[in-house]
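Enquirer: dropping the sequence and predicted coords here.
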Amino acid sequence: MRESLRERVVLITGATGIAAATEELAVRGGARIFIASIDEEECHRLAGDLRDAGAEVFFRAGDLTVEREAVAAVEDCLARFRRIDGIFNVVGISGRRFGDGPVDECSLEGWQRTMRTNAETTFLMCREAVRAMLGQVPGPSGQRGSILNMSSVLARSPEPERFATHAYAASKGAIESLTISMAAYYASRGIRVNALAPGLVRTPMSRRAQADPAILELMATKQPLCGDLIEAVEVARAALFLLSDDSRMITGEVMTIDAGWRYGSP
């Protein structure tokens, strides 16, 4: 795996799906990992598996929608490793079960829960990571750190028939705007900020889609590069690139990993 991640400290929010796939690949490349997620059992299981493989891994379980928990996650990472070279903000939800949907049907709870979990959590973790990075000595590349946020293909390429979740799309659009604004502001201070915008990925969050024959039929042509849901490891590979020094001249980029979603047949 990438030598440019060796001995680097990477904080990743989440312990399943894309987060877990990225954590597994990162430790193979020699990265030191700090996991922050709400599910203590999943954190413990994943950290144990990675330690068994020889990795240096720690975690903190907490609700990152709560400001003090976001602050504590970064503080715990710094207490363990003394710096943060990269952060990947993966944690997020589909708000459908809370009432997200087309805007005329979307409940206030659906809007608020989705925006809070997706956009507000990303803001909190970005804020705390930047505060830490600004105070640390630049790494071998001459930069202080890399921040990677999680958007979605739905932020810019809607699919109205099967994925009309407008609060979710808005939350991801907000994350993209935050990413680009931060990239412009912090570039001169040696901090890069990018985002990933995946299509439909096989993760625990997409279980509803995985069980829907109509959506599976749609993916056969909507995501023509795979004719199916994208595997989480495919997104993880792109994440490692943007977190590592291999991408040290890239900032403000929203990288789309959609297996052709934007160009596939509806």
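Expert: Nice, thanks for sending it over. Residues are numbered from 1 along each chain as shown.

Enquirer: ok, now which ones touch the nearest residue to Ala220 once chain neighbours are set aside?
Expert: Spatial nearest neighbour of Ala220, excluding adjacent residues (C-beta to C-beta, 6 or more residues apart in numbering): Gly227 at 4.9 Å. All C-beta atoms are positioned from the backbone trio N, CA, C, and that covers glycine. Residues near Gly227 by C-beta atoms under 8 Å, 6 or more residues apart in numbering: 219-221.

Enquirer: ok, and the closest non-adjacent residue to Arg83?
Expert: Gln136 (4.8 Å).

Enquirer: and for the one you found, the neighbour number?
Expert: 16 (other C-beta atoms under 10 Å).

Enquirer: so which helix or strand takes in Thr65?
Expert: Element membership for Thr65, per DSSP states H and E: none, as it lies in no helix or strand.

Enquirer: please verify my assumption that it contacts Ala119.
Expert: No. Between Thr65 and Ala119 there is no contact under C-beta atoms under 8 Å: 10.4 Å.

Enquirer: who has more neighbours, the two?
Expert: Neighbour count, other C-beta under 10 Å: between Thr65 and Ala119, Ala119 has more, with 21 against 17.

Enquirer: contact partners for the spatially most distant residue from the centre of the chain?
Expert: Here the centre of the chain is the reference, and by C-alpha atoms, centre = their mean the most remote residue is Asp104, at 28.6 Å. For Asp104, the contact set (C-beta under 8 Å, 6+ apart) is empty.

Enquirer: ok so it is a strand residue?
Expert: No. Read with DSSP: H, G, I helix; E, B strand; the rest coil, Asp104 is coil and lies in no strand.

Enquirer: could I get the phi/psi values of it?
Expert: phi -80, psi -10 (degrees, to the nearest 10).

Enquirer: can you classify Ala79 as helix, strand or coil?
Expert: helix.

Enquirer: that one and Leu50: what is the separation?
Expert: As for Ala79, its distance to Leu50 is 19 Å (criterion: C-beta to C-beta, to the nearest Å).

Enquirer: more neighbours: the two, which one.
Expert: Legend: neighbour count by other C-beta under 10 Å for Ala79 and Leu50, higher for Leu50 (21 against 11).

Enquirer: what's the closest non-adjacent residue to the more buried one?
Expert: Val57 (4.5 Å).

Enquirer: so who does the one you found touch?
Expert: 23, 27, 32-35, 47, 50-51.

Enquirer: what is the nearest of these to Gln210?
Expert: Gln210 lies nearest to Glu23 out of the contacts of Val57, by C-beta to C-beta, at 21.8 Å.

Enquirer: contacts only, for the closest one.
Expert: 12, 15, 33, 35, 46, 50, 57.

Enquirer: I'd like those residues as a markdown table, with distance to Pro158, pLDDT and secondary structure appended.
Expert: Formatted as a markdown table, the contacts of Glu23 follow (distance: C-beta to C-beta, whole Å; pLDDT from 0 to 100; DSSP: H, G, I helix; E, B strand; the rest coil):
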| residue | distance to Pro158 | pLDDT | secondary structure |
| --- | --- | --- | --- |
| Ile12 | 28 | 98 | strand |
| Ala15 | 29 | 95 | coil |
| Ile33 | 34 | 97 | strand |
| Ile35 | 32 | 97 | strand |
| Leu46 | 33 | 95 | helix |
| Leu50 | 37 | 94 | helix |
| Val57 | 38 | 95 | strand |
